[in-house]
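Asks: Sharing a model prediction with you, sequence too.
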Amino acid sequence: MALRRRGVLHCSLAFLALGAQGWAQAAEEPRVVLVLGDSLSAEYGLARGTGWVALLAERIAQQKMAVKVVNASVSGDTTSGGRSRLGALLTQHRPTHVVIELGGNDALRGLPLAMTRDNLGAMARAAKAAGAKVMLVGMQVPPNYGARYGQDFTASFASVAKAEGAALVPFLLAGVADAPQAENWFQPDRIHPLAKAHPRMLDNVWAVMKPWLK
């Protein structure tokens, strides 16, 4: 009887050990952060590896976090373009977290704010339906667009984030576009930041992303 109990105990311990190993392997599986953005995230006019998304991947590696970063940003993309691309990206990469950095080109093209909000909301819902957490990265427009339009545009990101339960980075270019002598932080087109601005852009995102990833 004692031998039988001892054998059962050994088997139980073996199963527990295998279970613990499986749990550890599952815990070590990397989370996947999919960044769906425009030229501000696609390293437009920059050397490869100097944009904020590449710097994000470096920071995550330095902190030894089991997180893979996929940059699916396309220069010139709008919220409509991102919405049309997102389904395939969710299937291909199966992200656990989706960062949506789109909307600036909607404003530059004078597209209706209602359409921008609708597209942002649809992307957030699609990502959540695929099991991912969602973050919206907000943008602002220059004063020449008019105070009312600027306020409504900025508020669009916050309203969608609240409605969809998404995390929100209020303004990707905080400390850059609103800095003294801001022109010194931009490429000659005065739209796309220089490489030296991207660490600050990363800090703006990281302040929200670090707790969001946990």
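Replies: Good, I have the coordinates.
Asks: just checking, next helix/strand downstream of the helix or strand hosting N105?
Replies: Using DSSP states H and E, N105 maps to helix 104-108. Per DSSP H and E, the first helix or strand lying C-terminal to helix 104-108 is helix 113-129.
Asks: And the strands in this structure?
Replies: Applying DSSP state E to the chain gives strands spanning 31-37, 67-71, 97-101, 133-137, 167-169.
Asks: The fourth one pairs with which strands, parallel or anti?
Replies: The reference is to strand 133-137. Strand 133-137 pairs in its sheet with strand 97-101 (parallel), strand 167-169 (parallel), by DSSP bridges.
Asks: Rebuild the strands of the chain as a markdown table, extending it with mean pLDDT, mean neighbour count and distance to Y44.
Replies: In this view, the C-beta of every residue, glycine as well, is placed from N, C-alpha and C. Shown next, in a markdown table, are the strands of the chain (pLDDT from 0 to 100; neighbours: other CB atoms under 10 Å; distance: least, CB to CB, whole Å):
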| stretch | mean pLDDT | mean neighbour count | distance to Y44 |
| --- | --- | --- | --- |
| strand 31-37 | 98 | 23 | 10 |
| strand 67-71 | 98 | 19 | 12 |
| strand 97-101 | 99 | 27 | 13 |
| strand 133-137 | 98 | 25 | 16 |
| strand 167-169 | 98 | 19 | 19 |
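Asks: Next, format the ones you listed as CSV and append distance to A179.
Replies: What follows is the strands of the chain, written out as CSV (distance: least, CB to CB, whole Å):
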stretch, distance to A179
strand 31-37, 21
strand 67-71, 25
strand 97-101, 20
strand 133-137, 18
strand 167-169, 17
